[in-house]
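# Here is a sequence with its predicted model. Questions after.
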Amino acid sequence: MARLARDTRGNTLAIAAAAVIPLLGMVGSGVDLGRAYLLKTRLQQACDAGVLAARKSMSGNALAGDTTANTRGREFFDINLRNEQYGVKSVAFKMNDVMSKNGGTATASGRVHGTASADVPTVLMQIFGYTNIPIAAACDAELNLANNDIMFVLDVTGSMACTPGRSTNDCSGIVPGRTAQRPDGRWFTVEEDGSRIDALRSAVDGFYVTVSRNLAAGARLRLGFVPYSSGVNIGGLLPATTMNNGAISFASRRANFNTRVWTRQITNIGSATTETWPYQISNENCDKYADNKGFTQDNRTFTPTGGTGSPYPAYRDAELYTDSQPEASSHTLYTRSSVTWSSGNKSCVRRVQQQQVTYTQTAWRLTDFTYTDVPLSVAGYMNGGVAIATDIDGADRLTIAGYPATSSAASRSLDPIQLAQAALNGSATGITTFNSGWTNQCVEERLTGRDSITDPANTADSQWRAAWPNVIWRRPGTAAITNGSNYTRPDSSASGYGSTAYSCPKPAQGLEEMTQRQVNDYLSEDNGFVAHGYTYHDIGMVWATRLMSLRGPFAATHAAAANGRATMRHIIFMTDGDMQPTQLAYGQFGVEINNRRMIPSGQTLNDTTLQAAHNARFAAACTAATRDEGISVWVVAFGQTLTSQLRSCASNPSQAFQANNAAQLNAAFAAIASKVAELRLTA
């Protein structure tokens with residue numbers, strides 16, 4: 001037994017056999033726990049993917065009730081990890097809104113919280129009674145705005161006063177009857193209840209709420225607005241050096257004073273004598289005798305032999321209007337000499353005076369108007385206002401330099417400013433004047449580089465020009481026309497879609513950090529955010545791109561943010577109609593039928609060709625914004641079809657939306673607000 005106790009041969013086998021069980025537990029736990037660790041990482045990735053996809057797909061701040069977002073989140077989770085994949089079982093994934101208190105009311109904060117769990121079946125640990133290893137993950141996702149500059153380009157044409165459900169024809173039919181004028185002189189279309197422009201106000205407000213809630217700490221958000229119709233009110237933002245303040249040619253008119261005015265002068269010849277009726281006469285016949293008019297009394301008849309009584313000769317007017325000087329004439333003037341009729345002798349005495357009548361030119365009378373392009377200095381107009389003439393009655397006259405016969409024809413052809421000065425200094429009568437100032441601050445496009453976004457404005461032709469509707473007189477074509485017709489002035493007839501209507505929207509606003517109150521105040525009807533005018537998409541898009549460009553006149557507004565972060569730039573373009581230019585209205589390129597700036601003389605001009613030209617300009621502006629300026633462009637068609645032209649203006653097809661009613665418009669703006677934010681995991 002002692003020898004057996006000392007014999008260790010074969011012990012290794014026994015010890016190894018005894019160690020198999022603990023070794024198996026150690027190795028098995030390592031293998032199974034390693035699998036569980038790897039699958040927990042996969043579960044976390046699936047959870048993160050699910051909440052990110054859900055948050056990105058949300059149309060607003062709430063996940064609850066958003067079927068699309070819930071479905072998309074689940075799909076992305078399943079792509080990364082689903083039941084039975086990698087052997088996992090009992091896979092579960094849930095998402096919910098993270099609520100925040102706002103004035104005591106719990107509301108969705110815009111953050112999505114997710115939880116995921118699964119069981120990992122063991123391989124080796126089953127022999128020890130451990131069949132599954134539970135794993136779990138939690139995740140949160142939210143959208144955060146870092147630095148963003150967002151420019152809204154908003155259609156404020158007359159149709160925006162209609163409800164979304166009205167067809168184009170219906171809307172066109174009611175707009176003229178709903179056109180009125182504000183106290184500041186701006187024309188507008190009275191909104192229907194539930195109008196498109198009111199829905200737009202609500203949608204922009206919702207957009208602001210979304211982005212402001214998702215604003216990251218220390219981030220900068222700036223908003224700008226470009227309301228547009230047939231023009232953009234941009235003058236208040238343009239540097240003075242970019243504006244032409246000299247003489248600018250406008251489609252206007254000159255008043256021509258070419259009819260001579262002759263004034264009568266009467267000169268006595270010699271001394272007066274008296275004549276007495278030698279017979280009995282009545283008082284009535286004494287008056288006739290004094291006026292050298294025939295009468296019969298007591299079988300005696302008086303027959304005048306020449307001359308006339310008081311007043312002056314009936315066939316001679318105090319003023320005559322003729323090119324030739326009227327001939328001089330002489331006559332005998334008879335007047336009653338006796339103050340009272342003598343009841344005693346019943347006689348009558350009259351005074352006899354020989355006179356000569358001559359005529360001297362003293363003035364020029366309005367002959368006609370010449371409708372043509374007229375150079376007018378805009379310096380006074382842009383700096384406080386200048387008097388201009390408006391209405392002229394039919395008895396106008398003008399005296400020039402004291403003696404009008406010496407004045408030249410050119411000096412008698414007066415533009416609206418010169419005519420007003422003649423009225424104010426007393427040289428002319430019958431003329432209505434008023435002070436015309438650049439209060440609307442709309443502009444005409446420059447004559448060169450009109451499709452360029454950043455073309456330097458350093459010459460007169462490459463500078464913008466103050467729009468001046470008060471001096472515009474539309475004529476039938478490009479040629480000058482001289483006649484007495486009173487063609488239409490755009491500021492005197494601005495009803496509805498009328499061909500003479502002139503529209504200058506509310507002033508555009510450059511990029512600013514704004515509160516919700518400031519946004520709503522800007523879009524308020526009471527503050528001038530109203531509908532009126534024709535649809536020129538190009539002018540809105542061009543000016544928005546200029547305002548957002550890192551080059552050109554507004555480059556200084558794009559200095560680096562104080563937080564040092566990069567800034568994303570966006571244009572949100574919203575319209576409710578197709579391009580609708582007209583050759584007859586006054587707008588960004590003057591009066592097209594007169595000035596031919598979009599379609600030069602020699603080419604066919606009508607509203608159809610004009611529409612094609614403006615559509616091409618709109619497309620060029622959209623391309624410049626995305627390709628040349630690196631701006632992300634979003635497009636919303638409201639109450640109309642999302643045309644291929646509008647769709648192609650967006651930076652990519654996913655950034656173009658169609659909204660047929662107010663709810664869909666709100667959803668479109670909410671979707672854009674979500675997509676311009678930065679998507680990130682927060683837990």
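Sure, I can see it. Numbers count the residues shown, from 1 in each chain.
# Please pull out the lowest mean pLDDT helix or strand from this protein.
strand 308-309 (a mean of 55; mean pLDDT, DSSP states H and E).
# need the next SSE after that strand, C-terminal direction.
strand 319-321 (DSSP states H and E).
# Three-state assignment for Tyr289, please.
Counting by DSSP: H, G, I helix; E, B strand; the rest coil, the backbone at Tyr289 sits in helix.
# same check, this time on Cys47
helix.
# Quick check: it touching Phe93?
Yes. Contact criterion C-beta atoms under 8 Å: Cys47 and Phe93 qualify, at 6.8 Å. For every residue, glycine as well, the C-beta is placed using N, CA and C.
# out of the two, which sits in the more crowded spot?
Using other C-beta atoms under 10 Å, the more surrounded residue of Cys47 and Phe93 is Cys47, with 30 against 24.
# can you map out the helices along the stretch 151-300 of the chain?
Assigned by DSSP state H, counting those that start in this stretch, the helices in the stretch 151-300 of the chain fall at 168-174, 196-213, 283-290.
# Which of those helices sits closest to Thr478?
helix 168-174 (29.0 Å; C-beta to C-beta).
# Now the closest one: buried residues?
171-172, 174 (16 or more other C-beta atoms under 10 Å).
# which residues are in contact with both of Cys47 and Phe93?
77, 114-116 (C-beta atoms under 8 Å, 6 or more residues apart in numbering).
# ok so, going back, lowest average confidence across the helices of the stretch 151-300 of the chain, which one?
Across the helices of the stretch 151-300 of the chain, helix 168-174 has the smallest mean pLDDT, namely a mean of 82.
# Can I get it in PDB, CA atoms only?
Extracted in PDB, the C-alpha atoms of helix 168-174 (Å, rounded to 0.1, in the frame of the first residue of the first chain):
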ATOM      1  CA  THR A 168     -57.000  79.400 -61.700                       C
ATOM      2  CA  ASN A 169     -60.000  80.600 -63.700                       C
ATOM      3  CA  ASP A 170     -62.100  81.000 -60.500                       C
ATOM      4  CA  CYS A 171     -59.400  82.900 -58.800                       C
ATOM      5  CA  SER A 172     -58.800  85.100 -61.800                       C
ATOM      6  CA  GLY A 173     -62.500  85.900 -61.900                       C
ATOM      7  CA  ILE A 174     -62.700  87.200 -58.300                       C
END
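# and that helix, how far from the chain's centre?
21 Å (C-alpha atoms, centre = their mean, to the nearest Å).
# Next up, the contacts around Arg475.
Counting by C-beta under 8 Å, 6+ apart, Arg475 has contacts 251, 253, 371-372, 481, 487, 593-594.
# With Arg82 instead?
Val91.
# now do Glu512
Here Glu512 is in contact with 222-224, 518 (criterion: C-beta under 8 Å, 6+ apart).
# Ala621: which of those is nearest?
Using C-beta to C-beta, the contacts of Glu512 come closest to Ala621 at Gly224, 16.1 Å.
# right, and that closest one touches Leu511 too?
Yes. Applying C-beta under 8 Å, one finds Gly224 in contact with Leu511, separated by 4.4 Å.
# Name the residues contacting each of these two.
Here Gly224 and Leu511 have 149, 151, 547 as joint contacts, going by C-beta under 8 Å, 6+ apart.
# Distance check, the second one against Lys506.
Distance from Met151 to Lys506, counting by C-beta to C-beta, to the nearest Å: 15 Å.
# more crowded one of those two?
Met151 (26 against 20).
# gap between the closest residue to that one other than its chain neighbours and Ala508?
Using C-beta to C-beta, 6 or more residues apart in numbering and skipping the chain neighbours, the partner closest in space to Met151 is Gly224 (4.4 Å). Distance, Gly224 to Ala508, by C-beta to C-beta: 7 Å.
# between these two, who's got more neighbours?
Neighbours were counted for Gly224 and for Ala508 using other C-beta under 10 Å; Ala508 has more, 25 against 22.
# what's near enough to touch the closest residue in space to the more buried one that isn't next to it in sequence?
In this structure, Ala508 finds its nearest non-sequential neighbour in Val226, 4.8 Å apart by C-beta to C-beta, 6+ apart. The neighbours of Val226, taking C-beta under 8 Å, 6+ apart as the test, are 151-154, 232, 234, 508, 540, 543-544, 547.
# Dump those residues to TSV, plus distance to Phe529 and pLDDT.
TSV is the format used below for the contacts of Val226 (distance: C-beta to C-beta, whole Å; pLDDT from 0 to 100):
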residue	distance to Phe529	pLDDT
Met151	16	98
Phe152	11	98
Val153	14	98
Leu154	8	98
Val232	14	94
Ile234	16	95
Ala508	11	97
Gly540	14	96
Trp543	17	96
Ala544	16	97
Leu547	18	96
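# In strands only, show me these.
151-154 (DSSP state E).
# Helix or strand next in line after the helix or strand hosting Phe76, which one?
Secondary structure assignment for Phe76, by DSSP H and E: helix 67-80. Toward the C-terminal end, the helix or strand that comes next after helix 67-80 (DSSP H and E) is strand 89-102.
# Strands of the stretch 151-300 of the chain, residue ranges please.
Along the stretch 151-300 of the chain, counting by DSSP state E, counting those that start in this stretch, strands occupy 179-181, 187-189, 221-228, 247-256, 259-277, 295-297, 300-302.
# Which neighbours in the sheet does the fifth one have, and how are they oriented?
Same thing as strand 259-277. Counting by DSSP bridges, the strands paired with strand 259-277 are strand 319-321 (antiparallel), strand 348-365 (antiparallel).
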